[in-house]
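S.K.: Give me coordinates for this.
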Amino acid sequence: MPTLALNALVAGLEATAASTPTDEAAVALLVAHDHWLHRPDFVDCLVMTDRERCSPPVAWIYWHEVPAFLADAPCSSSEAAVLRIAASLAGHDPQRPLAELLSGLDDTNAAHVADALAHVLTRGGRRPLPPPWKCPDCGRTYCVCSRRRTTGASARAVEGAGR
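M.R.: Predicted coordinates for the structure are as follows:
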């Protein structure tokens with residue numbers, strides 16, 4: 001059976017993932033990465049479609065098979081990391097620590113992953129991200145001046161030092 005054209009495949013994956021922010025983010029990450037959905041070995045092994053019972057066709061990815069697929073798939077470490085992160089977003093164990101997956105990403109892939117995480121954290125855009133915390137004293141995002149004044153012994157030490 002011939003595979004779906006890329007645009008139909010993407011539409012099928014997006015339709016299947018719709019209304020679940022984690023699945024939407026996983027699919028969006030693969031689409032933005034623009035690598036795996038072009039690879040016949042990935043599509044043939046891990047992507048299933050239903051064109052006979054569903055119109056338009058739907059498609060889904062066997063995320064739980066990603067680690068086994070990557071064991072034999074020729075790819076760069078960055079390509080593997082993006083696929084593992086997408087599988088993790090979809091709720092499956094990538095079998096690698098997140099720190100390891102994130103540390104090797106270039107700026108473009110890091111931005112794609114950040115967009116996917118923002119999609120999950122905002123529940124698909126239905127909840128705005130809060131503004132970053134700013135210190136009321138110095139205006140910086142990260143500081144220790146306010147924390148010293150508001151936490152027990154260190155607050156007393158700061159107050160006593162000013163006398």
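
S.K.: Flag every buried residue along the top helix by length along the chain.
M.R.: Counting residues, the longest helix found in the chain (DSSP state H) is helix 107-121. In terms of neighbour count (16 or more other Cβ atoms under 10 Å), helix 107-121 has its buried residues at 109, 112, 113, 116, 119, 120. In this view, the C-beta of every residue, glycine as well, is placed from N, C-alpha and C.

S.K.: Now do the same contact list for the fifth one.
M.R.: Just to be clear, that refers to residue 119. By Cβ atoms under 8 Å, 6 or more residues apart in numbering, residue 119 lies in contact with 21, 24, 25, 28, 125.

S.K.: Repeat the analysis, applying 10 Å as the threshold.
M.R.: By Cβ atoms under 10 Å, 6 or more residues apart in numbering, the contact set of residue 119 is 21, 22, 24, 25, 26, 28, 29, 89, 125.

S.K.: gap between the spatially closest residue to residue 80 that is not a sequence neighbour and residue 88?
M.R.: Nearest non-adjacent residue to residue 80, counting by Cβ to Cβ, 6 or more residues apart in numbering: residue 70, 5.2 Å away. Distance, residue 70 to residue 88, using Cβ to Cβ, to the nearest Å: 13 Å.

S.K.: Just the helices from this structure, written as ranges.
M.R.: Using DSSP H, helices in the chain cover 6-17, 21-33, 40-46, 66-72, 77-89, 98-103, 107-121, 145-150, 152-161.

S.K.: Residue 94: what's its closest spatial neighbour, skipping adjacent residues?
M.R.: The shortest distance from residue 94 to any non-neighbouring residue, by Cβ to Cβ, 6+ apart, is to residue 84 (3.6 Å).

S.K.: pLDDT score for that neighbour?
M.R.: For residue 84, the model assigns a pLDDT of 97.

S.K.: Residue 53 now?
M.R.: With respect to pLDDT, residue 53 scores 64.

S.K.: can you check residue 103 too?
M.R.: Looking at residue 103, its pLDDT stands at 93.
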